[in-house]
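Participant: next come a sequence and a model predicted from it.
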Amino acid sequence: MIGFYVHQPTCKRWKISAKWITTGYMKKYRTTLPPLDTLVFFEAAYRMGSFTASAVELNVTQAAVSKRIKQLEDWIGEALFRRDGKRLFPTPMGDRLFQTAQMTLEFVQRGLSTLRQEAHRPLSIGANTAVGMFWLTPLLRDFGLSPNACPTRLITSDNPRDLFNDGNDLTVTYGDGHLPGRQVTLLFEEELTPVAAPHVALALGKELRSIHDIPAADRPKILNYRRASPDWVDWQAWFERMSYRGFETWHIETLSTYSQSIGDAIKGNGIALGSIGLLRAELEAGILHRIGQDALLSGRGYYLSYDDRSALTDGARNLIDHLGSAARTARTILPA
């Protein structure tokens, strides 16, 4: 059996891109259908009632329209129009053909329009809110300025159902990497450390080794957050995992989201629990400083994934390579 491969352009939504069409079917269409452009010319001539008017609409010559109509009439074996000067009047066969041609062309147009919209849809990336805000957004900007750029769309949510759906081509999410039915790549492990604005860090002293050593009278506010999932590590879990006591003796403010806690830390309102890989840009720029040398590897991480039934486009592969390169940088050690 002989066939041909239909290649999809890059950067569109992923679908299985191979379609095999036998030469037997191709020969069947060639012998049982007229040239399809004759139907387009016929439909225009029927609506306009004139070769001249339809030629203007189709941006061709009047002779080209007349030729196509004659070709279609020869194929059918019966006249489709009665000519009266410059006017065209459909025959009964012409009336019948118009109904079929109009429905056929409309059906083909709708189908191809849907495929064309699909082909030009931006590559969609779903991510946890903090991942999108602090890590992905600047990387997508850099990717958009690169030679391999393609249109992208970022969707952020802390609800897995919003991220793992057919609308997102890639996801970058926090967890243990166990995502059945998906191809999964670890970007970087979660390493949590106290962070604060520069002036807060300076007030606590450069020689501070641990927040556990801060005198009670000098302790800044701890910026905690409501966990979106039981496996998220908040300040209380961090204290327990670090075997530190006295969490309840700190002044604690609980914010709605992890992103808000980082935002308040940047504003100088207290100490947040920062993921080093996630906040690398802020730490390197000096917007945030590490407080002491405490750090906890939580055993979880940030993972890139996609449906294992999907075929990667070139655009998707280029973006994955771009994010992977950034993730390798994020895994290098930052000084305390």
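Facilitator: Yes, it's here.
Participant: list the buried ones in stretch 38-47?
Facilitator: 38-39, 41-46 (16 or more other Cβ atoms under 10 Å). Just so you know, the C-beta spots here come from the backbone N, C-alpha and C atoms, and that holds for glycine as well.
Participant: so which two of those are the farthest from each other?
Facilitator: Thr38 and Tyr46 (12.2 Å; Cβ to Cβ).
Participant: all strands in the stretch 101-250 of the chain, in order from the N-terminus.
Facilitator: For the stretch 101-250 of the chain, the strands defined by DSSP state E, counting those that start in this stretch cover 123-127, 152-156, 170-175, 182-196, 222-225.
Participant: out of these, which comes closest to Lys28?
Facilitator: Short answer: strand 123-127, nearest of the strands of the stretch 101-250 of the chain by Cβ to Cβ, at 37.3 Å.
Participant: partner strands of the closest one and their direction?
Facilitator: Sheet pairing for strand 123-127, assigned by DSSP bridges, gives strand 152-156 (parallel), strand 170-175 (parallel).
Participant: out of those strands, which one sits most buried?
Facilitator: Among the strands paired with strand 123-127, ranked by average contacts under mean count of other Cβ atoms under 10 Å, first place goes to strand 170-175 (a mean of 22).
Participant: how near is Gly132 to Gly181?
Facilitator: 23 Å (Cβ to Cβ, to the nearest Å).
Participant: same question for Leu297.
Facilitator: Note on Leu297: its distance to Gly181, by Cβ to Cβ, is 27 Å.
Participant: quick revisit: could the strands of the stretch 101-250 of the chain go into a markdown table alongside distance to Gly205 and mean pLDDT?
Facilitator: Formatted as a markdown table, these follow (distance: least, Cβ to Cβ, whole Å; pLDDT from 0 to 100):
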| stretch | distance to Gly205 | mean pLDDT |
| --- | --- | --- |
| strand 123-127 | 36 | 92 |
| strand 152-156 | 37 | 92 |
| strand 170-175 | 32 | 92 |
| strand 182-196 | 12 | 95 |
| strand 222-225 | 18 | 96 |
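Participant: and Arg309, which of these is closest to it?
Facilitator: Across the strands of the stretch 101-250 of the chain, closest to Arg309 is strand 182-196 (Cβ to Cβ), at 9.4 Å.
Participant: the closest one - contacts with which helices or strands?
Facilitator: strand 170-175, helix 258-266, strand 271-275, strand 289-290, strand 296-307, helix 314-330 (3 or more Cβ pairs under 8 Å, 6 or more residues apart in numbering; DSSP states H and E).
Participant: most packed of the ones you listed?
Facilitator: strand 271-275 (a mean of 27).
Participant: immediately after it, which helix or strand?
Facilitator: Later in the chain than strand 271-275, the nearest helix or strand by DSSP states H and E is helix 280-285.
Participant: I figured Phe61 was touching Ser54, is that so?
Facilitator: No Phe there; residue 61 is Thr. No. Using Cβ atoms under 8 Å, Thr61 is not in contact with Ser54; the gap is 11.0 Å.
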